[in-house]
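Trainee: I would like to see how this sequence folds:
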Amino acid sequence: MPGFLKGPNLVAIARTLRMQKMYISRFNSLIIPFELYSAKGKMEEHALVDSSATANFVDYKTVKRLGLGSLKLDTIWTVRNINGTLNCAGNITHACDLLVSQGRKQERTRFFVTNLGGD
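Mentor: Numbers count the residues shown, from 1 in each chain. Okay, the predicted model is just below:
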């Protein structure tokens, strides 16, 4: 549902997630801290919740740095940046499946690996 974070909904989602800290950018997105558990232990990371994204994405440098592992996709994806331009990393060829938890709820979620321009 692209665009669901516009206006007051952006603050509402932050309250629903009980966020202690957040940053709301001019692109109608939230940057929120979270705890990541991996084979390397527990780490404090940050996630961009983007109202115009149509799927979940993770930067390839983050996958490598955290040793998350990835799998090759059967179908190659073309991805566009928030401003509509083609992503400089080209097509998406890999994804990683992560277990996402909020409170007691857990859900296996697919993240497509690409160049998000930062780590």
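Trainee: lowest-confidence helix or strand of this structure?
Mentor: strand 23-24 (a mean of 42; mean pLDDT, DSSP states H and E).
Trainee: Pull up the gap between Gly67 and Asn115, please.
Mentor: 18 Å (C-beta to C-beta, to the nearest Å). The C-beta positions use only the backbone N, C-alpha and C, and glycine is treated the same way.
Trainee: With neighbour numbers in mind, choose between the two.
Mentor: Asn115 (16 against 9; other C-beta atoms under 10 Å).
Trainee: how far away is the more buried one from His94?
Mentor: For Asn115 relative to His94 (C-beta to C-beta), the value is 12 Å.
Trainee: Check whether Ile92 really touches Leu73, as I assumed.
Mentor: Yes: using C-beta atoms under 8 Å as the test, Ile92 is close enough to Leu73 to be in contact (7.0 Å).
Trainee: Could you name every residue contacting both of these two?
Mentor: Phe112 (C-beta atoms under 8 Å, 6 or more residues apart in numbering).
Trainee: who has more neighbours, the two?
Mentor: Higher neighbour count among Ile92 and Leu73: Ile92, with 20 against 15, using other C-beta under 10 Å.
Trainee: where does the more buried one land on pLDDT?
Mentor: Note on Ile92: pLDDT of 92.
Trainee: Next, the contact list for Gln106, please.
Mentor: Neighbours of Gln106 in contact, by C-beta under 8 Å, 6+ apart: 99-100.
Trainee: Quick check: which element contains it?
Mentor: strand 105-114 (DSSP states H and E).
Trainee: Which residue is the nearest non-sequential neighbour of Ser38?
Mentor: Spatial nearest neighbour of Ser38, excluding adjacent residues (C-beta to C-beta, 6 or more residues apart in numbering): Leu66 at 5.3 Å.
Trainee: Quick check: mean pLDDT of the helix or strand hosting Glu35?
Mentor: Assessed by DSSP H and E, Glu35 sits inside strand 29-38. Taken as a whole, strand 29-38 carries a mean pLDDT of 76.
Trainee: Pull that strand out as CSV, backbone CA atoms only.
Mentor: Provided in CSV are the C-alpha atoms of strand 29-38 (Å, rounded to 0.1, in the frame of the first residue of the first chain):
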residue,chain,number,x,y,z
SER,A,29,9.7,8.1,5.7
LEU,A,30,10.8,7.1,9.2
ILE,A,31,14.2,6.1,10.3
ILE,A,32,13.8,3.9,13.3
PRO,A,33,16.4,2.1,15.5
PHE,A,34,16.0,-1.6,16.2
GLU,A,35,17.9,-4.5,17.7
LEU,A,36,19.2,-7.1,15.3
TYR,A,37,20.2,-10.6,16.4
SER,A,38,22.5,-12.7,14.2
